[in-house]
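*Asks:* Provide a 3D model corresponding to the input given below.
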Amino acid sequence: MKRAILYLWAIPNTLLGLLPAPIVWMQGGHICAVDGVIEISGGAATWLLKRFPVSPSAMTLGHVVWGRDTLQLERTRAHERVHVRQYERWGPFFIPAYLGASLYLKIRGCDAYYDNPFEREAYRIAP
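*Replies:* As a prediction, this is how the structure comes out:
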């Protein structure tokens, strides 16, 4: 029952993460479930990741992880699972909290990514 509640709490973000899935699938990309998390790579997922300011190897949205390719999904899996747990704690407030922290840090002259407390926790648990 607790798992179901956590999935429901994170579902707005998960649905956002699923948006490119049909396009990735039609492009021959990779979509699979690993330990209750949907992993998507290739095609539109790779294209989207390359357009972010930090150009990440992978990114988590709820219970969905986008990766540039399957190798990057495997390489970043432990780190991204920390973010999945953060989404389970913060639910629909995760994205505003993450972006707000990044903006605050940037204004203070810090690194918006590496100094972000969500990233610091992920790197501490899964370097």
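*Asks:* show me what the longest helix along the chain is packed against.
*Replies:* Across the chain, the longest stretch assigned as helix under DSSP state H is helix 70-90. Applying 3 or more C-beta pairs under 8 Å, 6 or more residues apart in numbering; DSSP states H and E, one finds that helix 70-90 contacts helix 2-18, strand 30-34, strand 37-41, strand 58-61, strand 64-67, helix 94-107, helix 117-125. C-beta here means a position set from N, CA and C on the backbone, and glycine is covered the same way.
*Asks:* now render the ones you listed as a markdown table, adding distance to Arg85.
*Replies:* Shown next, in a markdown table, are the helices and strands packed on helix 70-90 (distance: least, C-beta to C-beta, whole Å):
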| stretch | distance to Arg85 |
| --- | --- |
| helix 2-18 | 9 |
| strand 30-34 | 15 |
| strand 37-41 | 11 |
| strand 58-61 | 10 |
| strand 64-67 | 13 |
| helix 94-107 | 11 |
| helix 117-125 | 9 |
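*Asks:* so which of those comes closest to Phe52?
*Replies:* Nearest of those to Phe52, taken as C-beta to C-beta: strand 58-61 at 7.3 Å.
*Asks:* what's in contact with that closest one?
*Replies:* 13-14, 16-17, 49, 52, 65-68, 72-73, 76, 79-80, 83-84, 87 (C-beta atoms under 8 Å, 6 or more residues apart in numbering).
*Asks:* picking that back up, please identify the most buried of the helices and strands packed on helix 70-90.
*Replies:* strand 64-67 (a mean of 27; mean count of other C-beta atoms under 10 Å).
*Asks:* can I get that one in CSV, CA atoms only?
*Replies:* What follows is strand 64-67, C-alpha atoms only, in CSV (Å, rounded to 0.1, in the frame of the first residue of the first chain):
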residue,chain,number,x,y,z
VAL,A,64,10.9,7.8,-15.1
VAL,A,65,14.6,8.3,-16.0
TRP,A,66,15.6,9.7,-19.4
GLY,A,67,19.1,8.7,-20.5
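*Asks:* could you give the mean pLDDT of it?
*Replies:* Averaged across strand 64-67, pLDDT comes to 98.
*Asks:* likewise stretch 24-31?
*Replies:* Mean pLDDT, computed over stretch 24-31, is 95.
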